[in-house]
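Enquirer: 3D, please:
(2 chains)
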Amino acid sequence: MNTNYFVNLLIILISAAFINNVILSQFLGICPFLGISNKIKSAVGMGFAVIFVITTASILCSLIFQYILSPMELGYLQTIVFIIVIAALVQFVEMVVKKVSPPLYDALGVYLPLITTNCAVLGVALLNVEKGFDLVESIVNGFASALGFTISIILMAGIRERMEHNNIPKTLKGFPITLITATLMAMAFYGFAGLV
Amino acid sequence: MNKYIERLTNGLFKENPTFVLMLGMCPTLAVTISAWNGVGMGLSTTVVLVASNVIIAALRKFIPNTVRMPYFIVVVASMVTIVQLLLQAYFPSVNEALGIYIPLIVVNCIIFGRVEAYAAKNKVGLSLFDGIGMGLGFTIALILIGSFREVLGAGTIFGFRVMPESFEPITMFVKPPGAFLVLAMLTALQNKFKLPSATNGSAKTSALACGGDCANCSGETYSANHEKINSENTKRKED
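Expert: Okay, the predicted model is just below:
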């Protein structure tokens, strides 16, 4: 636990949230990014649900891989185990939140089942293993990736709310203009590449 | 026999998963930096889709309806693992190039969409051809998009130089922003020429588990989502 360790965590944080942004450079979780990004309010709800689920899933998957799969040399089962853990986790979280905190359930509830098999959740869990992160690094990477997701979906929602009042050519209405916006955002985020 | 050929053309043209149904956008955007990548990803997905379709169709009478999702997940994830191990053993370069997107085939909307919408309700033979049709439709779409990006971004197709030496490659097309731009152009053309596509709401939606409403979809649990979103919308209208 020296300074180098914390510098390393900071680098993981910045590179996961900005440089290797899950949506704009890794293309994980495109469906919710395009689907839920028409209102800031729902984008924020989705963002926080994703932060919560990805961070929890990172902890669980990292623990399972390090203490069960890896010692028993069952690494090849990771895809099957992770997807089942994530699906079960989301169901469980939904039940707990519904029971414990109804206001929170009203805010996040509808988004929870939507992210059961969101590719970002499984993707981050697999990346943690691929990059050989330990538990703390996995948590930081999971949290930062989800933060990157939230940042880009909220930015996108803000832009789309503004665009609603603009005069967009008929051909580009709907999907195309959203994707062009995503193109410009991806270019902007590409500028972070030299940061670390 | 006609029914089987109809399944093939359905996947290749009428309900092409990429161009018409707009499913599986994550791998479509992520791996299409070259034509070869498109081949690798497309064929891997085809194998997983065909195998899962056949197994689910064979087991469809034994799987209780209420817990079908976990069954589907386990079958699909097992097929993906098998494909991943085969790639590691026989095509390590493909495995290297596609990396994390191979295990992510598990959450590809096309697989669950077809398993849920078709294989869970139809006979083994038909499901087999449905998987082949859909898989090849996806593969061809990925090769087309991959070639387009490779030509503009590197001046080559399948690694062969097709553009003159004086052509300055537009590197952006093989970088992440280029993926979004190519898809934006594609959907804009579909709007312009009023081609059937889920993105402008003109695709045939009845056969789709999710209702084909991609613009408002936000996850991959298809029918459940569709019902949820519909009831949300009606609730909002009542308010």
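Enquirer: so where is chain B shaky, pLDDT-wise?
Expert: Along chain B, segments meeting pLDDT under 70 span B:198-233, B:236, B:239.
Enquirer: for it, what spans make up the helices?
Expert: For chain B, helices defined by DSSP state H occupy the ranges B:2-9, B:25-31, B:35-59, B:68-90, B:92-98, B:109-114, B:124-154, B:176-192, B:222-238.
Enquirer: Could you do chain A as well?
Expert: Using DSSP H, helices in chain A cover A:3-14, A:30-35, A:40-64, A:78-100, A:102-108, A:119-130, A:135-163, A:175-190.
Enquirer: Adding mean neighbour count, mean pLDDT and distance to residue B:168, write these out as CSV.
Expert: For glycine as for every other residue, the C-beta is placed from the backbone atoms N, C-alpha and C. Putting those into CSV (neighbours: other C-beta atoms under 10 Å in any protein chain shown; pLDDT from 0 to 100; distance: least, C-beta to C-beta, whole Å) gives the following:
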stretch, mean neighbour count, mean pLDDT, distance to residue B:168
helix A:3-14, 13, 90, 33
helix A:30-35, 25, 78, 30
helix A:40-64, 21, 89, 38
helix A:78-100, 17, 86, 41
helix A:102-108, 14, 76, 49
helix A:119-130, 26, 90, 34
helix A:135-163, 21, 93, 30
helix A:175-190, 20, 91, 18
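Enquirer: do you know which of those helices lies nearest residue B:82?
Expert: helix A:78-100 (10.4 Å; C-beta to C-beta).
Enquirer: burial measure for residue B:169, as a count.
Expert: Using other C-beta atoms under 10 Å in any protein chain shown, residue B:169 is surrounded by 15 other residues.
Enquirer: residue contacts, it?
Expert: Taking C-beta atoms under 8 Å, 6 or more residues apart in numbering or on different chains as the contact definition, residue B:169 lies against B:152, B:153, B:154, B:155, B:163.
Enquirer: which two in those are spaced the farthest apart?
Expert: B:153 and B:163 (10.6 Å).
Enquirer: Please say which of the two ends up with more neighbours.
Expert: residue B:153 (19 against 14).
Enquirer: what sits against the spatially most central residue of chain A?
Expert: Centroid-nearest residue in chain A: residue A:146, 3.4 Å away (criterion: C-alpha atoms, centre = their mean). Residue A:146 makes contact with A:22, A:47, A:50, A:51, A:53, A:54, A:55, A:120, A:124, according to C-beta under 8 Å, 6+ apart.
Enquirer: sorry, back to before: can I get the helices of chain B in TSV including distance to residue A:91?
Expert: Output for the helices of chain B, formatted as TSV (distance: least, C-beta to C-beta, whole Å):
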stretch	distance to residue A:91
helix B:2-9	34
helix B:25-31	23
helix B:35-59	21
helix B:68-90	10
helix B:92-98	30
helix B:109-114	16
helix B:124-154	28
helix B:176-192	32
helix B:222-238	12
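Enquirer: Can you give me the neighbour number for residue 118?
Expert: Looking at chain A here, since you left the chain open. Neighbours around residue A:118, by other C-beta under 10 Å: 31.
Enquirer: you looked at the wrong chain, it should be chain B
Expert: When neighbours are defined as other C-beta under 10 Å, residue B:118 has 23 of them.
Enquirer: That one reaches residue B:129, doesn't it?
Expert: No: assessed by C-beta atoms under 8 Å, residue B:118 is found out of contact with residue B:129, at 10.3 Å.
Enquirer: need the contact list for the closest residue to residue B:124 other than its chain neighbours.
Expert: Among residues not flanking residue B:124 along the chain, residue B:57 sits closest, at 4.6 Å (C-beta to C-beta, 6 or more residues apart in numbering or on different chains). Taking C-beta under 8 Å, 6+ apart, we find residue B:57 in contact with B:119, B:120, B:122, B:123, B:124, B:126, B:127, B:128.
Enquirer: The spatially closest residue to the last one that is not a sequence neighbour and chain A, how far apart?
Expert: Meaning residue B:128. Closest residue to residue B:128 apart from its sequence neighbours, by C-beta to C-beta, 6+ apart: residue B:54 at 5.3 Å. With the distance defined as C-beta to the nearest C-beta, to the nearest Å, residue B:54 ends up 19 Å from chain A.
Enquirer: Now do residue A:109, the pLDDT please.
Expert: Note for residue A:109: predicted pLDDT of 64.
Enquirer: sorry, back to before: now that we have the helices of chain A, can you turn them into TSV and tack on distance to residue B:143?
Expert: Shown next, in TSV, are the helices of chain A (distance: least, C-beta to C-beta, whole Å):
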stretch	distance to residue B:143
helix A:3-14	36
helix A:30-35	20
helix A:40-64	32
helix A:78-100	25
helix A:102-108	40
helix A:119-130	22
helix A:135-163	29
helix A:175-190	21
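Enquirer: I'd like to know which of those lies nearest to residue B:147.
Expert: Closest approach to residue B:147 among the helices of chain A (C-beta to C-beta): helix A:175-190, 19.7 Å.
Enquirer: With adjacent residues omitted, what lies nearest to residue 9?
Expert: Assuming you mean chain A. residue A:140 (5.1 Å).
Enquirer: Please refer instead to chain B.
Expert: residue B:133 is the one closest to residue B:9 (C-beta to C-beta, 6+ apart), at 7.0 Å.
Enquirer: which residues does the one you found contact?
Expert: For residue B:133, the contact set (C-beta under 8 Å, 6+ apart) comprises B:7, B:8, B:9, B:10, B:11, B:12.
Enquirer: And these, which of them are buried?
Expert: B:7, B:8, B:10, B:11, B:12 (16 or more other C-beta atoms under 10 Å in any protein chain shown).
Enquirer: Would you mind measuring from the first one to residue B:58?
Expert: Noted for residue B:7: a distance of 17 Å to residue B:58, by C-beta to C-beta, to the nearest Å.
Enquirer: Quick one: closest of the helices of chain B to residue A:188.
Expert: Taking C-beta to C-beta, helix B:176-192 is the member of the helices of chain B nearest to residue A:188, at 9.0 Å.
Enquirer: Which positions within that closest one qualify as buried?
Expert: B:176-184, B:186-188, B:190-191.
Enquirer: Rebuild these as JSON lines, extending it with distance to chain A.
Expert: Shown next, in JSON lines, are the buried residues of helix B:176-192 (distance: C-beta to the nearest C-beta, whole Å):
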{"residue": "B:176", "distance to chain A": "5"}
{"residue": "B:177", "distance to chain A": "4"}
{"residue": "B:178", "distance to chain A": "8"}
{"residue": "B:179", "distance to chain A": "7"}
{"residue": "B:180", "distance to chain A": "4"}
{"residue": "B:181", "distance to chain A": "4"}
{"residue": "B:182", "distance to chain A": "9"}
{"residue": "B:183", "distance to chain A": "5"}
{"residue": "B:184", "distance to chain A": "3"}
{"residue": "B:186", "distance to chain A": "8"}
{"residue": "B:187", "distance to chain A": "4"}
{"residue": "B:188", "distance to chain A": "4"}
{"residue": "B:190", "distance to chain A": "9"}
{"residue": "B:191", "distance to chain A": "5"}
